[in-house]
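> pasting the structure only:
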């Protein structure tokens, strides 16, 4: 059971002066239960790529297979695919339209052909999972704050019980607290429902601590596809394409260059802290090292 | 997709026509339209065709790209041809079946109307293809300046036009995005009865209207923040000024128009 992209390319505005290659020869295999981050600069093709996953955009060339079936087959049910591969777009304003939050979340399940009761049940479940306070369920979605609109949008897709959940910049424009909350809830949902989750972001730092696999895109091509730690090892190349590794990566690399034998493979602040402490405990002559540390910091 | 509509979109290129003053192009388009509807006989048509072909060559816009814009109006052309073909009455009948009859004059006017429509669209699209919306409104504002004496709010009209034109691609893109967001939730815009399809538009129209209002509000705020207060006393960073090629353009246009009028004497 997996999602496979085979030599997928996509061209915008073919045959005009605006012709641009959004995707070039993308090969990708996404297995069940993976937690993936897709990272890329604005315009690197990541949003175009994820819209191929559920057939919203048809590739100019190449094939896409979901669970072994070709989604471009004439009799393949794209509507069914869209409820299996749930896609949450970046701006919740693009999908909220109902008079109440509850009705809006029901929209997806109702389109799946569920009865009103079943759809309602799904909506309750989904809203609870994203942590919406119950007293807001029957209010207008347009009066909510940005973070809560985003929660409703995620619930709207979650209510369809997708097997793969794709989130396009789920924390753009949120404050750090709202961002951490949303990420924590996504992790929780992933554990509970055993979903495949794909996070799209332009910030390495945000997703590094959650995902187990990182796909870096640049100019419509996959540059790296590896574990976050190994991707960050290429921090100089990442900078060249307008991305940045987490700050701790820079710190650890600079320490290493200054002669401290720390392991540079820490992706989060907590890991880095552990690594640095471990090193200093190991080298008994802490005093001298600390003085040298001052020079770097 | 909706973004494939090419009719009337600016096509970036570096040609003599692109660099010409928008007023010349506006005036030229008007003159061309009058010519298309006033020519008589093959000679006049020939002159117009040569002129149009020359201008298309000069614009450096691929002819194929222009023809794509014609696809949008083929229904209109078929209907026009149909009415002219069957509803022109004259004694010179060439084909008859029960109450349907085709006359010589019918065929002639049908062909003439088709040619006129095609030329009309090509002629006007050359202007929009080679002129950015900003240049166009600038040109219009300056051409209509004399009307200010009659208390016509020329600047405001031009500004509204510029904003409206600017918003068309933005709203098209927005529609596209909303459509996809709703399709991702299983919305179906393409199948079902007319009523069902109309109902399916609600999830598309509500977010679209909300975003259009929000954008209008933001724009008004941004304009006010930059102290916009209408056209009184406002100067331009790049004022329109006629250059040598613009005068030459006017000369060619007048010569062309005089030619079409003169050729009206030959009716064959």
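Perfect, I can see it now. Just so it is clear, the structure is predicted and the values come from calculations on it, not from any experiment. Numbers count the residues shown, from 1 in each chain, chains lettered A, B, ... in the order given.

> So what are the sheet partners of the worst-scoring helix or strand of chain B on mean pLDDT and their directions?
Lowest mean confidence among the helices and strands of chain B (mean pLDDT, DSSP states H and E): strand B:93-97, at a mean of 73. Paired neighbours of strand B:93-97 in the sheet (DSSP bridges): strand B:100-103 (antiparallel).

> Show the contacting residues for the closest residue to chain A within the stretch 151-268 of chain B.
Of all residues in the stretch 151-268 of chain B, residue B:186 sits closest to chain A, at 3.1 Å by CB to the nearest CB. The C-beta positions use only the backbone N, C-alpha and C, and glycine is treated the same way. Residues counted as contacts of residue B:186 (CB atoms under 8 Å, 6 or more residues apart in numbering or on different chains) are A:79, A:82, A:83, A:107, A:108, A:111, A:112, A:160.

> circling back: contact partners of the least confident helix or strand of chain B?
B:101, B:102, B:103, B:104, B:107.

> give me every residue that touches the second one.
Read that as residue B:102. Applying CB under 8 Å, 6+ apart, we find residue B:102 in contact with B:85, B:86, B:93, B:94, B:95, B:96.

> repeat for residue A:103
Residue A:103 neighbours (CB under 8 Å, 6+ apart): none.

> What distance do you get for it to residue B:209?
From residue A:103 across to residue B:209, the span is 18 Å (CB to CB, to the nearest Å).

> taking the mean pLDDT, what do you get for stretch A:268-275?
Average pLDDT, stretch A:268-275: 80.

> burial count for residue A:92?
Neighbour count of residue A:92, defined by other CB atoms under 10 Å in any protein chain shown: 24.

> Now do the SS call for residue A:27.
Recorded secondary structure, residue A:27: strand (DSSP: H, G, I helix; E, B strand; the rest coil).

> For residue A:215, grab the count of nearby residues.
Close neighbours of residue A:215, defined as other CB under 10 Å, add up to 23.

> looking at this, it is in a helix?
No. Secondary structure of residue A:215 (three-state DSSP): strand, not part of a helix.

> quick one, phi psi at the residue of the stretch 101-250 of chain A found nearest chain B?
Residue nearest to chain B within the stretch 101-250 of chain A: residue A:111 (3.1 Å; CB to the nearest CB). Here is the backbone geometry of residue A:111 (degrees, to the nearest 10): phi -70, psi -20.

> Also residue A:61?
Torsion angles at residue A:61 (phi, psi; degrees, to the nearest 10) stand at phi -150, psi 160.

> what do you get for residue A:246?
Here residue A:246 shows phi and psi, under degrees, to the nearest 10, equal to phi -60, psi 150.

> Okay, strands next: where are they in the stretch 101-250 of chain A?
With DSSP state E, counting those that start in this stretch, the ranges of strands along the stretch 101-250 of chain A come out as A:164-168, A:196-201, A:213-218, A:221-226.

> which residues touch the closest residue to residue A:156 other than its chain neighbours?
Excluding the flanking residues, the one nearest residue A:156 by CB to CB, 6 or more residues apart in numbering or on different chains is residue A:105, at 4.9 Å. Counting by CB under 8 Å, 6+ apart, residue A:105 touches A:122, A:123, A:126, A:127, A:152, A:155, A:156, A:159.

> now residue B:177, what's its secondary structure?
Strictly by three-state DSSP, residue B:177 counts as helix.

> if you go through the stretch 51-200 of chain B in chain order, where are the helices?
With DSSP state H, counting those that start in this stretch as the criterion, the stretch 51-200 of chain B has helices at B:63-70, B:74-87, B:104-130, B:133-144, B:154-184, B:194-200.

> got the angle between the second one and helix B:104-130?
Between helix B:74-87 and helix B:104-130, the angle formed by their directions is 160 degrees, by axes from the mean of the first three to the mean of the last three CA atoms, to 10 degrees.

> What of the fourth one?
Helix B:133-144 runs at 110 degrees relative to helix B:104-130, counting by the same axes, to 10 degrees.

> State the distance from the residue nearest to residue A:156 to residue A:123.
Residue A:105 is 4 Å from residue A:123, by CB to CB.

> Between those two, which contacts overlap?
A:155, A:159.

> Tell me how many other residues crowd residue 95.
Here I'm looking at chain A. Using other CB under 10 Å, residue A:95 has 28 other residues around it.

> my question was about chain B
By other CB under 10 Å, 10 other residues sit near residue B:95.

> residues contacting the closest residue in space to residue A:125 that isn't next to it in sequence?
Closest residue to residue A:125 apart from its sequence neighbours, by CB to CB, 6+ apart: residue A:159 at 7.3 Å. By CB under 8 Å, 6+ apart, the residues touching residue A:159 are A:105, A:106, A:108, A:109, A:119, A:122, A:123, A:125, A:126.

> Could you check how far the first one is from residue B:57?
Okay, so that is residue A:105. Taking CB to CB, one finds residue A:105 at 58 Å from residue B:57.

> hang on, the earlier thing: got CSV for the strands of the stretch 101-250 of chain A, with distance to residue B:79 too?
Shown next, in CSV, are the strands of the stretch 101-250 of chain A (distance: least, CB to CB, whole Å):
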stretch, distance to residue B:79
strand A:164-168, 44
strand A:196-201, 47
strand A:213-218, 49
strand A:221-226, 48
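
> Chain A: helices as residue ranges?
For chain A, the helices defined by DSSP state H cover A:46-53, A:78-84, A:101-111, A:116-129, A:146-158, A:176-193, A:204-208, A:228-232, A:235-240, A:247-257, A:269-282, A:286-296.

> which bits of chain B sit near chain A?
With CB under 8 Å from any CB of the partner chain as the criterion, chain B meets chain A at residues B:3, B:6, B:11-13, B:64-65, B:174, B:177-178, B:180-188, B:202-203, B:206-207, B:210-211, B:214.

> give me phi/psi at the closest residue to the residue of the stretch 101-250 of chain A closest to chain B other than its chain neighbours?
Spatial nearest neighbour of residue A:111, chain neighbours left out: residue B:186 (3.1 Å); criterion: CB to CB, 6+ apart. With angles defined as degrees, to the nearest 10, residue B:186 sits at phi 90, psi 10.
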